[in-house]
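Undergrad: this is the structure alone, sequence omitted:
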């Protein structure tokens with residue numbers, strides 16, 4: 001079930017990233033999701049597998065829809081002014097995956113799902129910290145613009161010429177510190193998982 005969930009999320013992300021018309025790709029994804037939830041998935045392995053998983057584990061449609069909304073934000077070049085804005089993005093593209101994984105592990109308590117979202121968001125912040133240079137070279141900037149201004153960095157200039165600096169290193173460390181708060185908070189949720197599931201989730205957390 002976890003592989004099936006990953007497959008659909010991976011295919012969806014790649015479809016938008018590789019498209020010359022991201023909005024059309026998102027519309028296609030929403031159509032595929034609609035058919036999945038009507039029990040008539042396209043004859044694609046990922047769609048058929050996710051249709052089975054979403055039905056078997058009663059995954060509300062709103063969760064993968066929120067994931068796709070995050071892809072829309074990527075496709076439209078959304079800017080993130082504050083840490084709160086960045087959290088709103090991360091909960092869509094990663095918190096949703098944590099929530100779905102919790103349901104796949106048959107844990108539905110709201111407090112456990114909230115902690116699963118925390119872990120997903122923490123992982124996304126780690127990804128952002130790791131990929132600042134690569135993202136900038138692709139015209140994307142996820143660091144809060146407010147933080148850049150506080151360090152005397154101009155967002156537009158950085159996107160034109162991504163350059164390492166002590167100020168940038170401080171921003172990345174600040175983002176990792178925020179992720180660490182969420183990693184710590186996620187431990188309470190991992191403790192709520194079935195015993196057989198805990199080692200793999202602990203491993204993912206530690207590796208990130």
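TA: Noted; the coordinates are in hand. The model shown is predicted, which means the values in this text are computed figures rather than measured ones.

Undergrad: so how far is residue 163 from the residue of the chain most remote from its centre?
TA: Computed with CA atoms, centre = their mean, the residue of the chain farthest from its C-alpha average is residue 152, at 28.5 Å. From residue 152 across to residue 163, the span is 13 Å (CB to CB, to the nearest Å). Every C-beta, even on glycine, is put in place using the N, C-alpha and C of the backbone.

Undergrad: now do residue 148
TA: Using CB to CB, we find residue 148 at a distance of 13 Å from residue 163.

Undergrad: where in the chain is pLDDT low?
TA: Residue ranges of the chain with pLDDT under 70: none are present.

Undergrad: buried sites along the longest helix belonging to it?
TA: In the chain, assigned by DSSP state H, the helix with the most residues is helix 166-190. For helix 166-190, the neighbour count (16 or more other CB atoms under 10 Å) marks 168, 171, 174, 175, 176, 178, 179, 182, 183, 186, 189, 190 as buried.

Undergrad: packing partners for that helix?
TA: helix 110-130, helix 145-150, helix 198-207 (3 or more CB pairs under 8 Å, 6 or more residues apart in numbering; DSSP states H and E).

Undergrad: which residues does whatever helix or strand comes next after the longest one contact?
TA: Read in the C-terminal direction, the helix or strand following helix 110-130 is helix 132-137, with elements assigned using DSSP states H and E. Identification of contacts with helix 132-137 by CB atoms under 8 Å, 6 or more residues apart in numbering yields 128, 141, 142, 143, 158, 159, 162, 164, 168, 172.

Undergrad: drop anything exposed from those residues.
TA: 128, 141, 142, 143, 158, 162, 168.

Undergrad: so residue 5 makes contact with residue 104?
TA: Yes. Residue 5 is within contact range of residue 104, at 6.0 Å (criterion: CB atoms under 8 Å).

Undergrad: the two: which is more packed in?
TA: Shown here are residue 5 and residue 104; by other CB atoms under 10 Å, residue 5 has more neighbours (22 against 18).

Undergrad: report how many residues lie close to residue 26.
TA: Neighbour count of residue 26, defined by other CB under 10 Å: 21.

Undergrad: so it touches residue 75, yeah?
TA: Yes. Contact criterion CB under 8 Å: residue 26 and residue 75 qualify, at 6.2 Å.

Undergrad: tell me, what's touching those two both at once?
TA: Any residue near both residue 26 and residue 75 by CB under 8 Å, 6+ apart counts here, and that gives residue 16.

Undergrad: spatially speaking, which residue is in the middle of the chain?
TA: Centre-nearest of the chain using CA atoms, centre = their mean is residue 94, 2.2 Å out.
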